[in-house]
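[1] Below: sequence and its predicted model.
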Amino acid sequence: MKKVISSEKIPVKLWLDDIEEGALAQAKNLANLPFAFKHIAIMPDAHQGYGMPIGGVMATKGVVVPNAVGVDIGCGMCAVKTSLTEIDTDTLKKIMGEIRKVVPVGFKKHRKPQDETAMPREGSFEGKRAAEGKQVVWFEYDNALKSLGTLGGGNHFIEIQKGSDGHIWVMIHSGSRNLGFKVAKHYNDLANELNQKWHSTVPKEWGLAFLPLDSEEGQNYLREMQYCVDFALANRKLMMHEVEDIIAWETHDMCDGVTPDFEPMINIAHNYAAMENHFGENVMIHRKGATLAREGTIGIIPGSQGTKSYIVTGKGNKESFESCSHGAGRKMGRNVARKTLNLEEEQKKLEGIVHSIRSVKDLDEASGAYKDISVVMKNQKDLVDVLVELTPLGVIKG
């Protein structure tokens with residue numbers, strides 16, 4: 001931990017020195033909410049978001065705050081270690097080209113619905129049966145079936161990497177696509193409407209409207225939120241399956257006709273709310289751009305395009321509500337990055353990597369738009385231990 005701000009109703013604990021003004025103001029708003037518990041934890045990758053800083057962790061009593069989860073519910077990381085120890089550039093380019101053929105990126109989705117058995121299960125029910133009784137999910141179900149196995153845009157990526165353990169890894173960052181956005185918007189709008197009706201003391205301009213946990217609306221949000229978390233995992237699983245098949249096919253000659261092995265997938269989400277026990281009380285933990293770092297939990301912290309990523313294990317630090325950063329974190333907005341970063345300089349940083357920075361419009365995802373991941377990792381040495389360092393070889397960006 002770098003510093004503690006004690007000027008608000010409850011403390012704000014920071015794991016960074018360089019928090020931007022807007023994000024700090026949002027953190028102070030969180031600390032003055034009547035239902036916020038113990039303190040607010042701000043991770044080392046934090047930057048301004050909607051209502052709550054991305055890279056923020058908040059515990060609440062009796063309520064859930066949709067905007068403290070965010071619009072890409074269940075967004076997260078997955079990674080797989082392969083038995084491959086090397087991969088040549090020509091083979092890597094073939095793999096990246098084949099991935100682009102089968103995994104839609106940006107706003108694109110599949111033309112046909114995907115296999116319904118890959119959708120989230122609930123108890124003994126799978127497919128559409130598991131979506132029954134969920135207002136938004138049910139309405140969006142058919143669209144979600146076409147979005148299953150798609151990357152999305154922004155900072156979502158598929159990356160082939162070389163690990164410090166000598167192995168080739170695959171890493172994917174993606175979320176719940178439009179399904180999560182629709183659920184988030186519906187319940188945030190509903191929370192705003194109800195908070196006005198109740199004459200809530202939480203200022204509307206803070207963007208932190210809440211739903212009581214003992215209300216029908218609060219319980220409905222939690223059910224639909226969890227479905228989106230499960231959908232985001234199903235989405236990553238399907239993409240990883242496609243990538244593994246492509247790698248196996250394109251590398252079988254390198255392996256004397258033997259299919260490479262793939263270890264079980266590591267998965268961790270960084271946009272969700274969950275009931276947990278902290279400081280002796282059951283509280284609703286909101287992680288918005290923050291990762292669970294309970295003792296022994298295996299996590300993933302990606303860098304920016306062109307920088308290292310990390311497989312980590314949590315230390316279970318109570319002060320961070322057993323959390324850590326979800327990545328490097330932006331240091332400049334997308335439009336600012338496009339206007340101020342130099343294309344040639346950013347491309348030079350990526351020499352030796354099959355990358356996605358091809359024109360000025362791509363500079364919003366250049367390394368220069370993000371914080372230094374080495375500083376971020378140094379700032380959270382009390383939160384996680386590094387197991388494997390991963391260096392990018394090839395990147396597909398949303």
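    On my side now, so go ahead. Worth saying up front: this structure is predicted, and the values here are computed from it rather than measured.
[2] mind checking the end-to-end distance for stretch 7-22?
    End-to-end distance for stretch 7-22: 17 Å, by C-alpha to C-alpha, to the nearest Å.
[3] Disregarding residues adjacent in the polypeptide, which is nearest to residue 373?
    Spatial nearest neighbour of residue 373, chain neighbours left out: residue 303 (3.8 Å); criterion: C-beta to C-beta, 6 or more residues apart in numbering. Quick note: C-beta positions are derived from backbone N, CA and C, even for glycine.
[4] And the pLDDT at the one you found?
    At residue 303, the model reports a pLDDT of 94.
[5] now residue 257
    The model's pLDDT for residue 257 equals 69.
[6] May I see the buried residues of the helix or strand encompassing residue 396?
    Using DSSP states H and E, residue 396 maps to strand 384-397. By neighbour count on 16 or more other C-beta atoms under 10 Å, the buried set for strand 384-397 is 384, 388, 389, 390, 391, 392, 393, 394, 395, 396, 397.
[7] My assumption is that the residue nearest to residue 373 lies in a helix; please confirm.
    No: Residue 303 is assigned coil when assessed by DSSP: H, G, I helix; E, B strand; the rest coil, not a helix.
[8] show me what contacts it?
    309, 310, 327, 328, 370, 373 (C-beta atoms under 8 Å, 6 or more residues apart in numbering).
[9] Got phi/psi on it?
    phi -90, psi -160 (degrees, to the nearest 10).
[10] how about residue 291, phi and psi?
    Backbone torsions for residue 291, taken as degrees, to the nearest 10, come to phi -120, psi 140.
[11] Would you confirm that it contacts residue 268?
    Yes: at 5.6 Å, residue 291 and residue 268 qualify as touching, with contact defined as C-beta atoms under 8 Å.
[12] which residue ranges form the helices in this structure?
    Counting by DSSP state H, the segments of the chain that form helices are 21-31, 89-102, 128-131, 135-147, 177-197, 216-251, 334-340, 343-349, 373-379.
[13] in the last one, what counts as buried?
    If I follow you right, that is helix 373-379. In helix 373-379, counting by 16+ other C-beta under 10 Å, buried: 373, 376, 377, 379.
[14] got a list of what the third one touches?
    Applying C-beta under 8 Å, 6+ apart, one finds that residue 377 lies in contact with 301, 310, 386.
[15] Tell me, how many residues neighbour the residue nearest to residue 121 when sequence neighbours are not counted?
    In space, and not counting its chain neighbours, residue 121 is closest to residue 130: 5.7 Å by C-beta to C-beta, 6+ apart. Burial of residue 130 is recorded as 20 neighbouring residues (other C-beta atoms under 10 Å).
[16] try the one 4 residues further on
    With neighbours defined by other C-beta under 10 Å, the count for residue 134 comes to 19.
[17] My guess is it contacts residue 225. True?
    No: the pair residue 134 / residue 225 is not scored as a contact, 10.0 Å apart, by C-beta under 8 Å.
[18] ok so, going back, which among the helices of the chain is found nearest to residue 14?
    Closest to residue 14 of those is helix 21-31 (C-beta to C-beta; 7.8 Å).
[19] What's opposite residue 309 in the beta bridge?
    Here residue 309 sits in beta bridges with residue 390, going by DSSP bridges.
[20] same thing with residue 57?
    Residue 57 has these beta-bridge partners by DSSP bridges: residue 41, residue 287.
[21] How many residues are close by it?
    28.
[22] Repeat that for the one 3 residues further on.
    Residue neighbour count, defined by other C-beta under 10 Å, stands at 21 for residue 60.
[23] distance of it from residue 52?
    11 Å (C-beta to C-beta, to the nearest Å).
[24] so what sits against both of these two?
    68, 286.
[25] related to what we said a few turns ago, hang on, isn't the residue nearest to residue 121 packed against residue 117?
    No: using C-beta under 8 Å, residue 130 is not in contact with residue 117, being 10.9 Å away.
[26] Name the residues contacting each of the two.
    Contacts common to residue 130 and residue 117, judged by C-beta under 8 Å, 6+ apart, are absent.
[27] hmm, back to that, taking the contacts of residue 303 together, which two end up most distant?
    The widest separation within the contacts of residue 303 (C-beta to C-beta) is 14.3 Å, between 310 and 370.
[28] Pick out whichever of these two has more residues nearby.
    residue 370 (25 against 22).
[29] Once you drop chain neighbours, what's closest to residue 195?
    Nearest one to residue 195, counting by C-beta to C-beta, 6+ apart, is residue 209 at 4.5 Å.
[30] before we move on, back to that, could you export the buried residues of helix 373-379 to a markdown table, including columns for distance to residue 32 and pLDDT?
    Listed next are the buried residues of helix 373-379 as a markdown table, based on distance: C-beta to C-beta, whole Å; pLDDT from 0 to 100:
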| residue | distance to residue 32 | pLDDT |
| --- | --- | --- |
| 373 | 32 | 96 |
| 376 | 27 | 97 |
| 377 | 31 | 98 |
| 379 | 25 | 98 |
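[31] Go through those residues and say which is closest to residue 317.
    The closest of those, once distances to residue 317 are taken by C-beta to C-beta, is residue 379, at 12.5 Å.
[32] Check the burial of the residue lying closest to that closest one once chain neighbours are set aside by counting its neighbours.
    Leaving aside its chain neighbours, residue 379 sits nearest to residue 44 (3.8 Å; criterion: C-beta to C-beta, 6+ apart). The number of residues packed near residue 44 is 27, by other C-beta under 10 Å.
[33] Equivalent analysis for the one 10 residues further on, please.
    Residue 54 has 23 neighbours, counted by other C-beta under 10 Å.
[34] next one: residue 350
    When neighbours are counted by other C-beta under 10 Å, residue 350 comes out with 18.
[35] Mind picking the one among the buried residues of strand 384-397 that's closest to residue 146?
    Using C-beta to C-beta as the measure, the one of the buried residues of strand 384-397 that approaches residue 146 most closely is residue 396, at 19.8 Å.
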